[in-house]
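Sequence plus the predicted model coming up.
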Amino acid sequence: MPNTDAALYVGLISGTSADGIDAALCRFDPHTELVHARTHLWPDALREDILDISQGNRLLDLDAYGRLDVAVGQCFAEAVHQLLREADVLPSAVRAIGSHGQTVRHRIHGDQPFTLQIGDASVIAERTGIDTVADFRRADVAAGGQGAPLMPAFHAAVLGAREHVRGVLNLGGIANLSVLHPDGRVIGFDTGPANGLMDAWCALTYRQPYDRDGAIAASGKVDEALLAALLDDPYFALPAPKSTGREVFHLDWLRARGDIDAMDPADVQATLLELTVRSIADAVRREAAQIEDLVVCGGGVHNHALMQSLAEQLAPCRVLSSETLGVAPDHVESMGFAWLAHRRLRGETGNLPSVTGAIGPRLLGAIHAAPR
């Protein structure tokens, strides 16, 4: 039988950048604590498959989809094994895993809205021997919500300020913003692309997975005509609640708005960084002008050029890494899905209708029992 008194939870997520599986070992009683964390890299071929499919470059038949779902689940299970080995923790000490999976589609408009994350949770539970909570988004979508972003509730729990309005910005493949009011009110939404487009252009043009410290972007010049064409996309003007993903913001979307292959590649990189900054700054000014500080997490926090430009655009609002508040910026989301698994097992709701637009609070996630 599992240890139902175990205080430890594991959170897993591979975000829209698909640069690896972030794994966090946490405890939540009496307070939130990150015990250990690591990023488990994808095998190159599997990552290429994920990126091709999530960007709509390739369609799968049902057999290929089924195999991919299992292969992703197997990698997630291995990420757990590696995490626990490094932490010197036995699986029996972990109450549950919260696995977000890998998003390959997020289509939340129309008569049959849906969001789809792969990574077979039954495989994870079987291979780890730990109950696994997964499929966190679809209950919110079924209730009329966007199914995303889900992190604002966790942001409010661990990063909220008592005296002033605070923003929390996650810079993953897509940027999402949480606005946390001292009275407990929370709004949140995806502002648009963050690292996803920059990484894709960098990989294509420079054969590098990302622009380290924003050095390539800093060497180029912003093309104002291209930037204006990108910012003219209707998504940026939509009111919250709203969410998006790589299936919208990808290189074909970029090519449709400018002759990027005829431009200096560094200028394209600079323009994409400015797109991220400008779309975030516009969203803050429109939806959250009262925030006094913006706490940044996610991989983009390591991009010096991006962080510096954000600080300049948003002054006098202070822009700071979540590290300054004692929360590791690379593992906020994986911690968040451990937290959502903790809530699910306690019978507590996980979504915020004020963020997603759902008609009410919902229990999030399906429980996949480990072998007994």
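It's in.

so what's the residue lying closest to residue 313 once chain neighbours are set aside up against?
Of all residues not flanking residue 313 in the chain, residue 281 sits nearest, at 4.1 Å (CB to CB, 6 or more residues apart in numbering). Yep, even glycine has a C-beta here, placed from its N, CA and C like the rest. Taking CB atoms under 8 Å, 6 or more residues apart in numbering, we find residue 281 in contact with 310, 313-314.

Neighbour-wise, give me the winner out of those.
When neighbours are taken as other CB atoms under 10 Å, the top entry among the contacts of residue 281 is residue 310 (23 neighbours).

That residue: which element?
Residue 310 belongs to helix 304-314 when assigned by DSSP states H and E.

can you check residue 38 too?
Going by DSSP H and E, residue 38 is in strand 33-40.

pLDDT (mean, whole number) over that strand?
Mean per-residue pLDDT for strand 33-40: 96.

what helices or strands is it leaning on?
strand 21-27, helix 62-87, helix 332-345 (3 or more CB pairs under 8 Å, 6 or more residues apart in numbering; DSSP states H and E).

mind redoing it with 6 Å?
The helices and strands touching strand 33-40, judged by 3 or more CB pairs under 6 Å, 6 or more residues apart in numbering; DSSP states H and E, are strand 21-27, helix 62-87.

For residue 149, which of those is the nearest?
strand 21-27 (15.7 Å; CB to CB).

Sheet-wise, list the partners of that closest one with their directions.
strand 8-14 (antiparallel), strand 33-40 (antiparallel) (DSSP bridges).

now what about it, what contacts it?
Strand 21-27 is contacted from outside by 7-14, 33-40, 76, 79, 83, 87, 331, 334-335, 338, using CB atoms under 6 Å, 6 or more residues apart in numbering.

Could you do stretch 346-354 as well?
With CB under 6 Å, 6+ apart, stretch 346-354 has contacts from 140, 152-153, 186-187, 340, 343, 358, 360-364.

Could you count how many residues lie near the closest residue in space to residue 36 that isn't next to it in sequence?
Counting by CB to CB, 6+ apart, residue 87 is the residue found nearest to residue 36 once chain neighbours are left out, at 3.9 Å. Neighbourhood size, residue 87 [other CB under 10 Å]: 18.

how close does residue 87 get to residue 123?
22 Å (CB to CB, to the nearest Å).

Most tightly packed of the helices and strands packed on strand 33-40?
Mean neighbour count (mean count of other CB atoms under 10 Å) peaks for strand 21-27 among these, with a mean of 26.

Are there helices or strands packed against the helix or strand of the chain with the lowest mean pLDDT, and which ones?
Across the helices and strands of the chain, the lowest-confidence element by mean pLDDT, DSSP states H and E is helix 44-54, at a mean of 87. On a contact count with 3+ CB pairs under 6 Å, 6+ apart, helix 44-54 meets strand 94-107.

For whichever helix or strand comes after the strand it packs on, name the packing helices and strands.
Counting by DSSP H and E, the next helix or strand C-terminal to strand 94-107 is strand 114-118. Counting contacts by 3+ CB pairs under 6 Å, 6+ apart, strand 114-118 is packed against strand 94-107.
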